[in-house]
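> Quick one: sequence plus predicted model below, questions after.
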Amino acid sequence: MNLTVRRAAWEDLPRIEEIYAYARAFMAAHGNPNQWGTSHPPKAQLERDIEQGDLYVMTNDSGIHGVFYFFIGDDSTYARIDDGAWHASRPYGTIHRIASDGTGGILAAAVAFGKEKIDYLRIDTHEDNKVMQSAIAKQGFQRCGIIYQPDGSPRIAYDLSLER
């Protein structure tokens, strides 16, 4: 499926919330009920992301099918990594909070978008999110170690360097 990536707009928010609701239900049904629980990401966070220009949607002729956060710069949750190390120590782009409405190719589109912006990407996911772990590996990311969310919960961290 051919998807276009663009910055999220305020009028996209209801559809974005629908996509995150779908993703939470999908994760729960596939053995990962705790990563996002029943309310993550909160609406206030989505509003901040839109305001700052860091939330993106994936669209085609039939509408919005995916959403993700993308930022180039230091991510505080990546400052500490246990049981491994990052493969590079240069500027990077981070993909967070990626979700789809069940449409395939969402992660591939986000990664392609990130690669256009910078040559080093980082991403993380919950240990119970086997679907995302597989998708991340298929995109060429390498497992680096364990990072921690602000609440202390661990995540498996990955990176992808275009300079190999």
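Thanks, I have it.
> now the strands for this protein?
Assigned strands in the chain, in chain order: 4-7, 55-60, 63-72, 93-100, 120-125, 142-148, 154-161 (criterion: DSSP state E).
> For the spatially closest residue to Val131 that is not a sequence neighbour, give me the pLDDT.
Computed as Cβ to Cβ, 6 or more residues apart in numbering, the closest residue to Val131 that is not its neighbour in sequence is His30, at 5.6 Å. The way it works is simple: take the backbone N, C-alpha and C, and place the C-beta from them, glycine included. In this prediction, His30 carries a pLDDT score of 93.
> Next, count neighbours for His30.
Here the number of neighbours of His30 (other Cβ atoms under 10 Å) works out to 13.
> so it makes contact with Gln133?
No. Look at His30 against Gln133 with Cβ atoms under 8 Å: they stay out of range, at 11.5 Å.
> In the chain, where's the longest helix?
Longest helix of the chain, by residue count under DSSP state H: helix 13-29.
> So which elements touch that one?
Judged by 3 or more Cβ pairs under 8 Å, 6 or more residues apart in numbering; DSSP states H and E, helix 13-29 is in contact with helix 43-52, strand 55-60, strand 63-72, strand 93-100.
> Tell me which of the ones you listed lies nearest to Thr4.
Nearest to Thr4 among the helices and strands packed on helix 13-29 is strand 55-60; the distance by Cβ to Cβ comes to 5.2 Å.
> in the closest one, what's buried?
Neighbour-count burial for strand 55-60 flags 55-59 (criterion: 16 or more other Cβ atoms under 10 Å).
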